[in-house]
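Have a look at this prediction, sequence included:
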Amino acid sequence: MPVFINPDAVARPASRYSQGVLHGPVAKRLIISGQVGARVDGTVVEGIEAQTELVFDNLTAVLAAAGLGIADLVKLTIFCADPQGAGPIRQIRNQRLGDHCPASTFIHVAGLANPAYLIEIEGEALREA
């Protein structure tokens with residue numbers, strides 16, 4: 001089982017994430033490509049909140065297809081092209097993760113692959129065998 005690390009010598013996380021994740025040598029590992037706020041038909045939903053909700057729906061679908069769930073996430077990298085997006089994204093991330101605190105990085109970017117995309121999240125999940 002992964003061990004989530006928050007040493008006393010490092011500042012406490014500002015939100016629901018951990019500074020590190022330690023796992024054993026044998027695990028089922030899933031690398032999740034960046035997910036965006038696009039529906040199955042390719043249409044992009046409008047607004048940072050709607051896109052973030054859909055991104056987490058898409059992440060959850062990829063996890064489920066691999067037989068994993070939110071509790072198996074060990075790392076998220078969030079790319080945000082909305083200068084005002086940090087607050088809404090953090091709130092939705094915290095709701096979706098519940099008490100689970102994977103390692104996480106948040107990066108403001110000038111743009112993403114499609115100018116309509118405001119957020120993209122990639123991740124890693126694992127379940128030890």
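Yep, it's here.

Specify the next element, helix or strand, located C-terminal of the one helix or strand in the chain whose mean pLDDT sits lowest.
None of the helices or strands of the chain scores lower by mean pLDDT, DSSP states H and E than strand 20-22, at a mean of 80. Sequence order places strand 27-36 as the next helix or strand after strand 20-22, per DSSP states H and E.

now for that next one, which elements pack on it?
The helices and strands touching strand 27-36, judged by 3 or more C-beta pairs under 8 Å, 6 or more residues apart in numbering; DSSP states H and E, are helix 48-65, strand 119-128. C-beta here means a position set from N, CA and C on the backbone, and glycine is covered the same way.

what's the closest of those to His23?
Of all the helices and strands packed on strand 27-36, it is strand 119-128 that lies closest to His23, at 5.8 Å by C-beta to C-beta.

the inter-axis angle of the closest one versus helix 48-65?
Orientation check (axes from the mean of the first three to the mean of the last three C-alpha atoms, to 10 degrees): strand 119-128 against helix 48-65 gives 30 degrees.

Which pLDDT value belongs to the nearest residue to Val26 once chain neighbours are set aside?
Among residues not flanking Val26 along the chain, Ala129 sits closest, at 4.7 Å (C-beta to C-beta, 6 or more residues apart in numbering). Model confidence at Ala129, given as pLDDT, is 74.

Any idea what the residue nearest the centre of the chain is bridged to?
Residue closest to the average C-alpha location in the chain (C-alpha atoms, centre = their mean): Leu76, at 3.8 Å. Residues in a beta bridge with Leu76, per DSSP bridges, are Ser104, Gly123.
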